[in-house]
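Student: build me a model:
(4 chains)
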2 protein chains.
Amino acid sequence: MAASGSATVSAGKGERTAARIREVALDQFSRLGFERVTMAGIAEAAGLSQATLHYHFQDKDQLWRSAMLGLGEVIAEEERMLDAAQDASPLAQLRIAMRFFLRISWKHPALGRVVALEGMAGGERLAWLDEHVLGHRNRRLSALARAAIEAGVLKPFPPEMIVITLQAGAAGVINLAPLMRDTFGFDPDTAEGRAAHESLVLDALLSGFVSDDQDA
Amino acid sequence: MAASGSATVSAGKGERTAARIREVALDQFSRLGFERVTMAGIAEAAGLSQATLHYHFQDKDQLWRSAMLGLGEVIAEEERMLDAAQDASPLAQLRIAMRFFLRISWKHPALGRVVALEGMAGGERLAWLDEHVLGHRNRRLSALARAAIEAGVLKPFPPEMIVITLQAGAAGVINLAPLMRDTFGFDPDTAEGRAAHESLVLDALLSGFVSDDQDA
DNA sequence: ATCTTTTTTGATTATAAAATCAACAAAACT
DNA sequence: AGTTTTGTTGATTTTATAATCAAAAAAGAT
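Tutor: Now for the predicted structure:
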């Protein structure tokens, strides 16, 4: 077990390598999906032997879960931001959430990718993600959308669909950056690209759902 | 080689089983991605032996390509529809394309899934898809968006981003139906769900990109 | 400095899936 | 009918990858 004579501050060697493994694993899992990723590939990218991975994580499944919990922390941060804005209007909170989603999605593109990958496939891994990482936050956003509809400031579509469409639309340009490069020779991941994207999401994507008699 | 004494009309036995294999393969590949799918699994679902698959298709890669060309035909149909509407305004053409995209996406959910899956991963398969299936159509839509922007009817964001956001947003509810079921207990794939979704895409998602001084 | 625990590794095993092949069956052709 | 071509299969080989393990190296404690 973790014996630490000195303070909890400096993470022992073991915890540091485990963290590095998780980081590499999250990147690869999110980009390629569970089965395209190999333990050997992660080991190589992390500069370790394959056996070391199995020392720190029982098996590939455990490593996947552990990597995903890293995303959980990012989402928890978003939720704290929403807590701080609880007095704002539902629409204002949604805008805050979307803006934050963009920021963390560019910083941790793994988030949107994982949602897309596992959200399509269904199955056990999705159920686990829903329970441990995504579900609470998505239901919270859905409740905000419902409140905004009831207040007459959002168009009356199923709030679940609105939330999913907003996220899928916002993540599209980030997730599909490889496709955009291939198809258009256009790389959205630049300073100007990100700025244009933020404006596009807030001033076009989101505003399309705002009722016509409101100001966008 | 294909020796057909009688007319080209009746596809020989070989072509019929090849078609069945392609059909099963497309469904599985799009749902699960390339590596989660096994030749044995396809063979079983098609009621054939694994060796038969290798008789009709050299290897798994060839089978994948062949299955993807099935999607190419669906897209070609969309392009013919656009050809027929060439005199309409760019915005009207985009609306037509979106409506058609929704129809085929609900009918062939493989399309959006494959785009999401390979568009994120990048690599050889994406490059192949871009060249043989997706690229032409996406660049065409992008040109329409650019024209609409120049005409002042769409907000001035990078047209490539607009096209990707529209498609990703529209496909979100379809692709992520499993997630929606897990998270919200909400199944979008019903008659009412599809109707609400079509309206959401055309009257909220797309209209968000229309300039404010235009009528949506 | 010595001992103990933690961490890492090379080599090996186990397993699952792709690919091959020789033989057999069905269809098409004369 | 007999012959050739096309299609199908069970059994086998090959290959890629997850998982294990005994031994070594490094870190930490006394």
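
Student: what residue ranges in chain A score low on pLDDT?
Tutor: A:1-11, A:214-216 (pLDDT under 70).

Student: make it 50
Tutor: Applying pLDDT under 50 to chain A picks out residues A:1-9, A:216.

Student: for it, which helix is longest?
Tutor: Using DSSP state H to define each element, chain A has its longest helix at helix A:60-84.

Student: quick one: the helices in chain A, in order.
Tutor: Under DSSP H, chain A gives helices at A:13-32, A:39-46, A:50-56, A:60-84, A:90-107, A:110-121, A:124-129, A:135-150, A:159-175, A:177-184, A:191-200.

Student: report all helices and strands that the third one contacts.
Tutor: Applying 3 or more CB pairs under 8 Å, 6 or more residues apart in numbering or on different chains; DSSP states H and E, one finds that helix A:50-56 contacts helix A:13-32, helix A:39-46. The C-beta positions use only the backbone N, C-alpha and C, and glycine is treated the same way.

Student: also the last one?
Tutor: Taking 3+ CB pairs under 8 Å, 6+ apart as the contact definition, the neighbouring helices and strands of helix A:191-200 are helix A:90-107, helix A:159-175, helix B:159-175.

Student: how about these in a markdown table, adding distance to DNA strand C and mean neighbour count?
Tutor: As requested, those are exported to a markdown table (distance: least, CB to the nearest atom of the strand, whole Å; neighbours: other CB atoms under 10 Å in any protein chain shown):
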| stretch | distance to DNA strand C | mean neighbour count |
| --- | --- | --- |
| helix A:90-107 | 27 | 18 |
| helix A:159-175 | 26 | 26 |
| helix B:159-175 | 23 | 26 |
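
Student: now render those helices as TSV, adding distance to residue A:196.
Tutor: Below are the helices and strands packed on helix A:191-200 laid out as TSV (distance: least, CB to CB, whole Å):
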stretch	distance to residue A:196
helix A:90-107	12
helix A:159-175	9
helix B:159-175	7
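
Student: of all those, which one is nearest DNA strand D?
Tutor: Nearest to DNA strand D, of all the helices and strands packed on helix A:191-200, is helix A:159-175, at 23.0 Å by CB to the nearest atom of the strand.

Student: circling back: how about TSV for the helices of chain A, with distance to DNA strand D added?
Tutor: As requested, these are exported to TSV (distance: least, CB to the nearest atom of the strand, whole Å):
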stretch	distance to DNA strand D
helix A:13-32	5
helix A:39-46	3
helix A:50-56	4
helix A:60-84	4
helix A:90-107	27
helix A:110-121	16
helix A:124-129	14
helix A:135-150	26
helix A:159-175	23
helix A:177-184	20
helix A:191-200	33
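
Student: as a markdown table, those with distance to residue B:128 would be great.
Tutor: Output for the helices of chain A, formatted as a markdown table (distance: least, CB to CB, whole Å):
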| stretch | distance to residue B:128 |
| --- | --- |
| helix A:13-32 | 17 |
| helix A:39-46 | 22 |
| helix A:50-56 | 31 |
| helix A:60-84 | 28 |
| helix A:90-107 | 27 |
| helix A:110-121 | 20 |
| helix A:124-129 | 27 |
| helix A:135-150 | 34 |
| helix A:159-175 | 19 |
| helix A:177-184 | 10 |
| helix A:191-200 | 26 |
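
Student: what's the closest of the ones you listed to residue B:68?
Tutor: Shortest distance between residue B:68 and those, using CB to CB, is found for helix A:177-184: 14.4 Å.

Student: please report the distance of the closest residue to DNA strand C within chain A from chain B.
Tutor: Closest to DNA strand C within chain A is residue A:14: 2.1 Å, counting by CB to the nearest atom of the strand. In this view, residue A:14 and chain B are 31 Å apart by CB to the nearest CB, to the nearest Å.

Student: next one: residue A:35
Tutor: Counting by CB to the nearest CB, the gap from residue A:35 to chain B is 4 Å.

Student: number of residues surrounding the nearest residue in space to residue A:193 that is not next to it in sequence?
Tutor: Closest residue to residue A:193 apart from its sequence neighbours, by CB to CB, 6 or more residues apart in numbering or on different chains: residue A:187 at 6.8 Å. The local packing of residue A:187 (other CB atoms under 10 Å in any protein chain shown) involves 11 other residues.

Student: ok, residue A:207 next?
Tutor: Using other CB under 10 Å, residue A:207 has 19 neighbouring residues.

Student: from residue B:75, how far off is it?
Tutor: In this structure, residue A:207 and residue B:75 are 30 Å apart, going by CB to CB, to the nearest Å.

Student: equivalent analysis for residue A:200, please.
Tutor: According to CB to CB, residue A:200 stands 25 Å off from residue B:75.

Student: likewise residue A:147?
Tutor: Note on residue A:147: its distance to residue B:75, by CB to CB, is 40 Å.

Student: for residue A:145, same thing?
Tutor: For residue A:145, the distance to residue B:75 - CB to CB - is 32 Å.

Student: neighbour count: those two, which is higher?
Tutor: residue A:145 (24 against 19).

Student: quick check, that one in contact with residue A:163.
Tutor: Yes. Using CB atoms under 8 Å, residue A:145 is in contact with residue A:163, at 5.5 Å.

Student: around DNA strand C, pick out the residues from chain A.
Tutor: Proximity of chain A to DNA strand C, by CB under 7 Å from any atom of the strand, involves residues A:1-3, A:12-15, A:17, A:48-52, A:55-56.
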